[in-house]
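Asks: need a 3D model of the following:
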Amino acid sequence: MSHPTGVDHSKPHAAHEVHHEELGFWRKYVFSTDHKVIGIQYAVTGMLFLLFGFTLMMIMRWQLAYPGVPLPLIGGLFGDARMPGGTMLPEFYNELGAMHGTIMVFLGVVPLAVGGFGNFVLPLQIGAPDMAFPKINMASYWCLVLGGLTMLGSFFVPGGAAQSGWTSYAPLSVIAGTGQTWWLVGMIFLITSSLLGALNFLTTTIQLRAKGLTFMRFPFFVWSQFVTSFLLLLAFPPLEAAGVMQLMDRVAGTSFFMPSGLVVSGQVLTNAGGGNAVLWQHLFWFLAHPEVYVLILPAFGIVAEIIANNTRKPLWGYRAMVYSLVFLGFMSFIVWAHHMFMTGMGTAMAAFFQTTTMIISIPSVVILTSLLLSLWGGSIRFNTPMLFATAFLPMFGIGGLTGLPLGLNISDIPLHDTYYVIAHFHYVVAPGTIFGLMAGIYYWYPKATGRRMNETLGKIHFAGTLVCMNVVFMPMFIVGLAGVSRRLFDAGSGYDFAQGTMHWNVVSSWGAWIMGLFQIPFIFNFFYSIWNGEKVGSNPWEATTIEWAAPSPPPHGNFATEPQAYRGPYEYSVPGAAKDFTPQHEAS
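Replies: Coordinates of the predicted model:
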């Protein structure tokens, strides 16, 4: 019989159990089709790549703080082709810069935010026994692994890894070394992974939600993953096509992005066809601006769940937040060229993209304001997830506000490609998105393991990371406003105008290295707590959403009986109720 969601729920959980068989190690933990195992695989893989990408950045920071000074202890390990005598060459700096950006975004944050949290939490929150297409889900993860291994392998090819920035701008990227080809092949794998995952998330959310779980009863996290999946599905195909075309320019002699008559080192290239390098920028940024929201929307969803739970009250303006989320997703497709004011677009086009950029700030402000207002009058519990969630709000606010000058043609041109852009973007993604993801790790860790992470170690991790994040990125605004380019491998030490900013690079670098030390308590806590953390029940946070109805950790099929949604997701502190939380799945 049909029900309000219009979905056939003919005992999916029972069917799941009928066909369940005991699996061997490889099929259970490596080539698994269980969304929970795949979610954990994504999360651990993403965190490993975040650690690796962060390590590349810490090596770069030595060169920026002390240009021309040999890197102590490990400088000699990179060989004379990269660091003769331990002193970094410009080419190696470009390798580190390009791969740091690529790894952190495409192999770190996206796999953790979408692949990890999306796979593990979303089916549980909608009461589903698994993802709609389990084998496609497994293929999505292994495409990520192939892409990541290809990216890492590029460090060992002649000439080293990609050196054309994480944006791979043509024509430089077309005439670069072999590592750039590996970068493009890796990106094609990564894009395929995201497309397969997005298809699965959309189908699962629509078709497998629990009886009674209408769209306006979705937890905000589900909405954030739903909109994110649309962004991935619509924005990634143009970049995949562009990646194939750039690959053809490199290996098959085409000229999609190579202009005729290009002179390189005094030699006129023989390519013909009149390609257009700016076309690559259009195709890249058509993906890369929605990609910013692919990074931030899951963090919004995580923070919303944690704030509602730890203030013990409903989210303020839930419907306005949902409508803002959908509008933000739509608008993200018509702002991309604000990254391209330097290409000399006409005033009419510049005015259009300036206007849409200002408009897209409105839904972000609505969501951020709603989260801030949700704190008002709450009986706040300051546990580790809540500390990260509340710190996310001002950090993302700084990132958003400092982005407004970059959306205006007249101010973007002098700021373009300076450290101001680095500071703005990293405030959105590092103390912004990554704080949201850290909050989610501490919050859903008990659901995945049945144990809670140590609160004292968590608060040490939080405090040190919060301070150091600001020490790293705040000085970059000063350096950028002085006009120092992000592309200078020596931080501008050869220019008079940059001399007054050199000491800020030392401050940023020490902030980064000390922040690296503060990740040690988190790493220890994460692994130690798997076996020695405090054991908890199925709902240690006394939360209301459906995932807490499942045992911790959830078994195959997730729920003992098929859950049903009777109310909205945030029924906290209901007047007259026997307790201060009323779960969605409880009938009364």
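Asks: which other helices and strands contact the longest helix seen in the chain?
Replies: If each helix of the chain is counted by residues according to DSSP state H, the longest one is helix 277-311. With contacts taken as 3 or more CB pairs under 8 Å, 6 or more residues apart in numbering; DSSP states H and E, helix 277-311 sits against helix 110, helix 117-125, helix 220-251, helix 318-331, helix 347-375, helix 384-403, helix 419-428, helix 435-449. Where C-beta positions appear, they are placed from N, C-alpha and C, glycine not excepted.
Asks: distance between the first one and the chain's centre?
Replies: Meaning helix 110. Centroid separation between helix 110 and its chain, computed with CA atoms, centre = their mean, to the nearest Å, is 4 Å.
Asks: same question for the second one.
Replies: Relative to its chain's centre, helix 117-125 lies at 16 Å (CA atoms, centre = their mean).
Asks: tell me the angle the helix or strand following that helix makes with helix 117-125.
Replies: Downstream of helix 117-125, the next assigned helix or strand under DSSP states H and E is helix 134-153. Here helix 134-153 runs at an angle of 160 degrees relative to helix 117-125 (axes from the mean of the first three to the mean of the last three CA atoms, to 10 degrees).
Asks: poorly predicted segments of the stretch 151-300 of the chain, please.
Replies: Residues of the stretch 151-300 of the chain meeting the criterion pLDDT under 70: none.
Asks: kindly apply the preceding question to the chain instead.
Replies: If you take pLDDT under 70 as the line, the chain has these spans: 1-21.
Asks: for residue 352, see how far away residue 511 is.
Replies: According to CB to CB, to the nearest Å, residue 511 and residue 352 sit 39 Å apart.
Asks: neighbour-wise, which of the two wins?
Replies: residue 511 (20 against 16; other CB atoms under 10 Å).
Asks: now do the contacts for that one.
Replies: 468, 469, 470, 471, 472 (CB atoms under 8 Å, 6 or more residues apart in numbering).
Asks: hang on, residue 284 packs against residue 236?
Replies: No - the pair residue 284 / residue 236 is not scored as a contact, 11.4 Å apart, by CB atoms under 8 Å.
Asks: if I look at residue 559, how far off is residue 256?
Replies: Taking CB to CB as the measure, residue 559 falls 50 Å from residue 256.
Asks: ok, residue 295 - how many residues close by?
Replies: Other residues close to residue 295 by other CB under 10 Å number 25.
Asks: likewise residue 342?
Replies: Neighbours around residue 342, by other CB under 10 Å: 12.
Asks: same check, this time on residue 417
Replies: By other CB under 10 Å, neighbour count at residue 417 equals 14.
Asks: tell me the contacts of the residue most central in space within the chain?
Replies: Among the residues of the chain, the one closest to the centroid is residue 109, at 3.1 Å (CA atoms, centre = their mean). By CB under 8 Å, 6+ apart, the contact set of residue 109 is 46, 50, 295, 429, 433, 434, 437.
Asks: determine which two of these are furthest apart.
Replies: Largest separation among those by CB to CB: 46 and 429, giving 13.5 Å.
Asks: ok, back up a step: by how many degrees do the longest helix of the chain and helix 347-375 diverge?
Replies: 10 degrees.
Asks: buried residues in helix 277-311, which are they?
Replies: Neighbour-count burial for helix 277-311 flags 277, 280-311 (criterion: 16 or more other CB atoms under 10 Å).
Asks: check stretch 30-44 too.
Replies: 32, 33, 34, 35, 36, 37, 38, 39, 40, 41, 42, 43.
Asks: okay, and which of the residues you listed map to strands?
Replies: Per DSSP state E, strands hold no members of the buried residues of stretch 30-44.
Asks: what's the closest of these to residue 459?
Replies: Closest to residue 459, out of all of the buried residues of stretch 30-44 and judged by CB to CB, is residue 43, at 21.7 Å.
Asks: so who does the closest one touch?
Replies: 111, 112, 115, 116, 117, 120, 441.
Asks: next one: the residue nearest to the centre of the chain from residue 227, what distance?
Replies: 17 Å.
Asks: how about residue 179?
Replies: 35 Å.
Asks: repeat that for residue 439.
Replies: 20 Å.
Asks: so for those two, which sits in the more crowded spot?
Replies: residue 439 (28 against 24).
Asks: list the contacts for the more buried one?
Replies: 302, 303, 306, 384, 385, 386, 387, 388, 389, 392.
Asks: nearest to residue 261, of those residues?
Replies: residue 392 (50.0 Å).
Asks: run a quick neighbour tally on that closest one.
Replies: 28.
Asks: might one say that it is in contact with residue 299?
Replies: Yes - counting by CB under 8 Å, residue 392 does reach residue 299; the two are 6.7 Å apart.
Asks: what do these two both touch?
Replies: Residues within reach of residue 392 and of residue 299 at once, by CB under 8 Å, 6+ apart, are 432, 435, 436.
Asks: let me have these in CSV, extended by neighbour count.
Replies: Shown next, in CSV, are these (neighbours: other CB atoms under 10 Å):
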residue, neighbour count
432, 28
435, 26
436, 29
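Asks: could I get those residues as TSV with distance to residue 203?
Replies: What follows is the shared contacts of residue 392 and residue 299, written out as TSV (distance: CB to CB, whole Å):
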residue	distance to residue 203
432	30
435	31
436	25
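Asks: closest to residue 423 among these?
Replies: For the shared contacts of residue 392 and residue 299, the nearest to residue 423 is residue 432 (12.1 Å; CB to CB).
Asks: I'd like the distance between the nearest residue to the closest one once chain neighbours are set aside and residue 436.
Replies: For residue 432, ignoring the flanking residues on the chain, the nearest one in space by CB to CB, 6 or more residues apart in numbering is residue 396 at 4.0 Å. For residue 396, the distance to residue 436 (CB to CB) stands at 8 Å.
Asks: and for those two, which residues touch both?
Replies: Common neighbours of residue 396 and residue 436 (CB under 8 Å, 6+ apart) are 296, 299.
Asks: measure the nearest residue to residue 247 once chain neighbours are set aside to residue 251 for me?
Replies: Nearest non-adjacent residue to residue 247, counting by CB to CB, 6+ apart: residue 184, 4.6 Å away. Distance from residue 184 to residue 251, counting by CB to CB: 9 Å.
Asks: give me the more crowded residue out of those two.
Replies: residue 184 (24 against 10).
Asks: by contact count, what packs against the helix or strand where that one lies?
Replies: Secondary structure from DSSP H and E places residue 184 in helix 178-207. Where contact means 3+ CB pairs under 8 Å, 6+ apart, helix 178-207 is packed against helix 90-102, helix 117-125, helix 134-153, helix 220-251.
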